[in-house]
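Trainee: Structure of the sequence below:
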Amino acid sequence: MSDMTTRRLRAGIVGGGRGAFIGTVHRIAAELDGQAQLTAGALSSDPTTARESARAWYLARSYDSYEQMALTEAKLDDGIDFVIVATPNHLHYAVAKAFIEAGIHVICDKPLAYAVSEAEEMVRLEALGGPLLALTHNYTGYPLVRQARELVRSGELGELRKVLVEYNQDWLMMPLERQGNKQAEWRTDPARAGVSCCVADIGTHAAQLVEFITNQKITAVCAELTTFVAGRQLEDDANILLRLEGSTRGTLVCSQIACGEENNLNIRLYGSTGGLEWHQQEPNTLIFKPPASDPWRYLRTARGGLGISAQSATRMPAGHPEGYLEAFAVIYRNFIKDIRRVAAGAVPKRDYPSAQEGLRGLRFVDATVRSAQRGTRWENV
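Mentor: Predicted coordinates for the structure are as follows:
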């Protein structure tokens, strides 16, 4: 039995250094439950920034490249057990592949890869039975999102008919990519982001949330993509019709030019006997809508009537709100549990977004772009 079952795990990170919001989020989430600690990193493609970032986080080891990091960490007695991939999209595949081939587990930021072909190869690599690969679609970690999934699957909404999901922001309503904002630069650059900006960046979160709660796959899309900011190469707004398995229909709206919106992710579901509504900016409440009656609320409290899945994602006592970091940490906690299971010779439970879901996300992006390019017509996912 590996000592991974009896000690705190050692984590590494590639990307996410100084000036990158998401790197700090990954670090906090990985360490929140005391199950892992960051010990090594290749935090930037710029060696000076990488070393300064590593010092700021008190990492034991800093590397100038992810290739060097993967080779070295795999040989150390106290090398990392898993790596966090927090780079721009175009590096996800190369970084993940290097660490998987070195025998190190991988947890990757979304989208899974730059292109569908890379995502397919990542799924193939994981299917060989070596290191695990997880994806941080973190909104599935919220207790009330898991409660929504339980209610849908238990039949509380009857036959699901319609899903409305929106994810609106305003941070790209100005041409920040031409004003020195590095996060805007790579997200709007096809060479680093891929074929999409808005849909790949936040639309994939919305699509994955739909499939997670409904347990139905998006089978086809009809999309209009718009670039509102002059000179921008990729879209900053999307309006998408959805067909799901069975007869369920829906819409997905995502925008990064919606003035006044910060991180407005909402989902509403309507069935033959009830409806549900959840808002990410008020994440500790789930609204249930019975027919011909007043709505009532599931609350993240001891008296909230939560199911087992939602309870297992809850840390704080009643009356103390949980939010984004805690939801992110649920993904890490479940991933770390699987690393320990594998080390003990057991079968992983995979209670977190997988490489397969990442591949579906890339196929969703591709279908959306095809639909828009071909005159807003229906395209299969």
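Trainee: and S45, helix, strand or coil?
Mentor: At S45 the chain is in coil, as set by DSSP: H, G, I helix; E, B strand; the rest coil.
Trainee: burial of it, as a residue count?
Mentor: Using other Cβ atoms under 10 Å, S45 has 16 neighbouring residues. Backbone N, C-alpha and C define where each C-beta goes, glycine included.
Trainee: And the pLDDT at it?
Mentor: In this prediction, S45 carries a pLDDT score of 87.
Trainee: for S2, same thing?
Mentor: Here, the pLDDT recorded for S2 equals 69.
Trainee: and what of the one 5 residues further on?
Mentor: At R7 the predicted local distance difference test score is 94.
Trainee: Now do it against P317, distance only.
Mentor: Remark: distance between R7 and P317 (Cβ to Cβ, to the nearest Å) = 29 Å.
Trainee: do the same with L176
Mentor: Per Cβ to Cβ, L176 is found 40 Å from P317.
Trainee: again with L234
Mentor: Taking Cβ to Cβ, one finds L234 at 44 Å from P317.
Trainee: between these two, who's got more neighbours?
Mentor: Higher neighbour count among L234 and P317: L234, with 22 against 8, using other Cβ under 10 Å.
Trainee: Any regions of the stretch 101-250 of the chain where pLDDT drops low?
Mentor: By pLDDT under 70, the stretch 101-250 of the chain has no low-scoring segment.
Trainee: hey, where'd the strands end up in it?
Mentor: 105-108, 133-135, 160-168, 218-226, 237-244, 249-255 (DSSP state E, counting those that start in this stretch).
Trainee: got those as JSON lines, with mean neighbour count columns?
Mentor: Formatted as JSON lines, the strands of the stretch 101-250 of the chain follow (neighbours: other Cβ atoms under 10 Å):
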{"stretch": "strand 105-108", "mean neighbour count": "26"}
{"stretch": "strand 133-135", "mean neighbour count": "27"}
{"stretch": "strand 160-168", "mean neighbour count": "21"}
{"stretch": "strand 218-226", "mean neighbour count": "20"}
{"stretch": "strand 237-244", "mean neighbour count": "21"}
{"stretch": "strand 249-255", "mean neighbour count": "21"}
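Trainee: What's the local residue count around M69?
Mentor: Using other Cβ under 10 Å, M69 has 28 other residues around it.
Trainee: Tell me which residues touch the residue lying closest to it once chain neighbours are set aside, please.
Mentor: Leaving aside its chain neighbours, M69 sits nearest to Y63 (3.9 Å; criterion: Cβ to Cβ, 6 or more residues apart in numbering). Listed by Cβ atoms under 8 Å, 6 or more residues apart in numbering, the contact set of Y63 reads A40, G41, A42, A50, M69, T72.
Trainee: For this protein, list the residue farthest from the centre, please.
Mentor: Here the centre of the chain is the reference, and by Cα atoms, centre = their mean the most remote residue is A292, at 36.4 Å.
Trainee: measure it to L269 for me?
Mentor: 18 Å.
Trainee: ok, now T48?
Mentor: Counting by Cβ to Cβ, the gap from T48 to L269 is 49 Å.
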